[in-house]
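*Asks:* Sharing a model that was predicted from the sequence below.
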Amino acid sequence: MACSDSDYDYLRQLVLARSANLIDPSRNALFDAKLKPVAGLVGAESLEDLVTLLRSDQPAHLHRAVTEAMTINETAFFRDRKVFDVLGSTILPRLIDANSATQRLRIWSAACSTGQEAFSIAMLLCEQFPELAGWDVKIVGTDISQRVTSYARRGRYRRLEVNRGLPARMLVKYLARDGEEWEVVPRLRSMCDFQYANLCAPLPRLPKFDLVLLRNVLLYFPPPSRSSVFRSVHSQMVADGYLVLGASEQAEDSTDLFQTEFAQACYFYRPAAGG
Amino acid sequence: MRALIVDDSKFIRQHLRQLLEHIGLSCEEAGDGREALQLLHTAAAFDFMLLDVNMPRMSGLECVKAIREAGLHPPMKVMMVTTEADNSFICRALEYGADEFLMKPFTPESLREKLVMLGLAA
């Protein structure tokens, strides 16, 4: 299901413009694989036909479907355990201490994919911080793909998903088996909301967050888009909040809105004074 | 790091051996729970045991229970590998002394993630 170089360029530009997802020409085969279902839905027999449709009618919903199909949805429960260690030992205790008067905590799993990160945070809170039982705690997961936010909202996972990163003791405590799926228990689901948001466009109405996890997202973005996302994220955080990026990502090349801190082999970021 | 692979299927033992050796563990094999127990009584210490559940002569559940009751290789981590996936069954395996659980089918990545979780891989 291949197409011409100019068609690939068109697709690359379309995805870049709508989601800042920069797909290198060496990875053109990704378009072939990921856009086949989209082509099938609109009756296009080839990628070339799909590009013709995209170019001619400019249908917004089809552009959005292509953009969503090209997003990377790799995720797992407790992905990169070091991050959860530093959250449990350093960041969350500080936030809980700082918010003890309001007893309110807002956490953002930005680019949440199918929701495993948000539910992992909820499990961490329940396991390590039972004193939060009476607090107003909300974990908001957002993603550019409505398909994955719908999936996350269901809170049901398949065998291959619960096999990844989820300790057996947590599986039996926080997910109930139902046929060939496992459903997240109501207590965790009530802590998590999932909604559509494009990090490269004006954000929907969201609360100010104490903690933002934006992991393994910006590495796919070109530098100007990274700066723009950092500005959006910064404006969505409380002044003494925390930002956690992926292990291979850093803020300092793209923005001076955050200052770096380091604990337990992990870098994390806080809004810079006067930023 | 030394691993003991216990499964009645030679094909599966070879597959698991390849995966574990790729991660950097050296492996020995046993064809059922009883053979594994005999090996644990005589062999040098193991760090990790990958244990099938449904096997002739002695099941994985009976095996892990016997290992923990006898105090064999106490620091050894035991991970059950099985298609059996009811929460009640997983709870029972954990009560008997299993440290972790991996459901079949699984990917090499999920096996590695479980080993990281158990502190056996980076």
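*Replies:* Nice, I can see it.
*Asks:* how about the helices of chain A, start to end?
*Replies:* Along chain A, the segments classed as helices by DSSP state H run A:5-19, A:29-34, A:36-41, A:47-57, A:60-69, A:81-86, A:92-98, A:116-128, A:146-154, A:159-162, A:168-174, A:186-189, A:223-235.
*Asks:* Could you point out which of those sits nearest A:A263?
*Replies:* Between A:A263 and these, the shortest gap by C-beta to C-beta is with helix A:81-86, which sits at 5.5 Å. All C-beta spots, glycine's among them, are computed from the backbone N, C-alpha and C.
*Asks:* Next, the buried residues of that closest one.
*Replies:* A:V83, A:F84, A:D85, A:V86 (16 or more other C-beta atoms under 10 Å in any protein chain shown).
*Asks:* Helix, strand, or coil at whatever residue of chain B ends up closest to chain A?
*Replies:* Using C-beta to the nearest C-beta, B:F101 is the residue of chain B that sits closest to chain A, at 3.8 Å. Judged by DSSP: H, G, I helix; E, B strand; the rest coil, the three-state class of B:F101 is strand.
*Asks:* residue contacts, it?
*Replies:* The contact partners of B:F101, by C-beta atoms under 8 Å, 6 or more residues apart in numbering or on different chains, come to A:A168, A:L171, B:M79, B:M80, B:T82, B:I90, B:A93, B:L94.
*Asks:* which one of the residues you listed is nearest A:T149?
*Replies:* A:L171 (22.9 Å).
*Asks:* Strands along chain B, start to end?
*Replies:* B:2-6, B:26-30, B:48-52, B:77-82, B:100-103 (DSSP state E).
*Asks:* can you tell which of the ones you listed is closest to A:D178?
*Replies:* Nearest of the strands of chain B (C-beta to C-beta): strand B:100-103, 15.1 Å.
*Asks:* For the stretch 151-275 of chain A, which segments are assigned as strands?
*Replies:* A:156-158, A:175-178, A:181-184, A:192-196, A:209-214, A:237-245, A:258-263, A:266-271 (DSSP state E, counting those that start in this stretch).
*Asks:* buried residues in the first one?
*Replies:* Within strand A:156-158, the residues that count as buried by 16+ other C-beta under 10 Å are A:R156, A:Y157.
*Asks:* Not counting its neighbours along the chain, what's nearest the residue in chain A positioned nearest to chain B?
*Replies:* For chain A, the residue closest to chain B is A:A168, as judged by C-beta to the nearest C-beta, at 3.8 Å. Spatial nearest neighbour of A:A168, chain neighbours left out: B:F101 (3.8 Å); criterion: C-beta to C-beta, 6 or more residues apart in numbering or on different chains.
*Asks:* Who does the one you found form a beta bridge with?
*Replies:* Residues in a beta bridge with B:F101, per DSSP bridges, are B:M80.
*Asks:* Just the pLDDT for it.
*Replies:* Looking at B:F101, its pLDDT stands at 95.
*Asks:* residues touching A:R94, list them.
*Replies:* Neighbours of A:R94 in contact, by C-beta under 8 Å, 6+ apart: A:Y242.
*Asks:* Quickly note the distance from it to A:M70.
*Replies:* 37 Å (C-beta to C-beta, to the nearest Å).
*Asks:* still on that earlier bit, wait, the residue of chain A closest to chain B sits on B:L94?
*Replies:* Yes - A:A168 lies in contact with B:L94 (C-beta atoms under 8 Å); the separation is 6.2 Å.
*Asks:* which one of these two has more residues nearby?
*Replies:* Neighbour count, other C-beta atoms under 10 Å in any protein chain shown: between A:A168 and B:L94, A:A168 has more, with 23 against 18.
*Asks:* Spit out the contact partners of the more buried one.
*Replies:* B:I90, B:A93, B:L94, B:A98, B:E100, B:F101.
*Asks:* Next: B:G31.
*Replies:* B:V6, B:D7, B:D8, B:K10, B:R13, B:M55.
*Asks:* give me the beta-bridge partners of the first one?
*Replies:* Here B:V6 sits in beta bridges with B:A30, B:L51, going by DSSP bridges.
*Asks:* Those residues of chain B touching chain A, which are they?
*Replies:* Contact residues (C-beta under 8 Å from any C-beta of the partner chain) of chain B with chain A: B:85-87, B:90-91, B:93-94, B:98, B:100-103, B:105-107, B:109-110, B:113, B:116-117.
*Asks:* neighbours around A:V137, how many?
*Replies:* Other residues lying near A:V137 total 22 when counted by other C-beta under 10 Å.
*Asks:* How much space separates the residue lying closest to it once chain neighbours are set aside from A:I139?
*Replies:* The spatially closest residue to A:V137, leaving aside those adjacent along the chain, is A:L105, at 4.7 Å (C-beta to C-beta, 6+ apart). According to C-beta to C-beta, A:L105 and A:I139 sit 9 Å apart.
*Asks:* higher neighbour count, those two?
*Replies:* Comparing A:L105 with A:I139 by neighbour count (other C-beta under 10 Å), the higher total belongs to A:I139, at 26 against 22.
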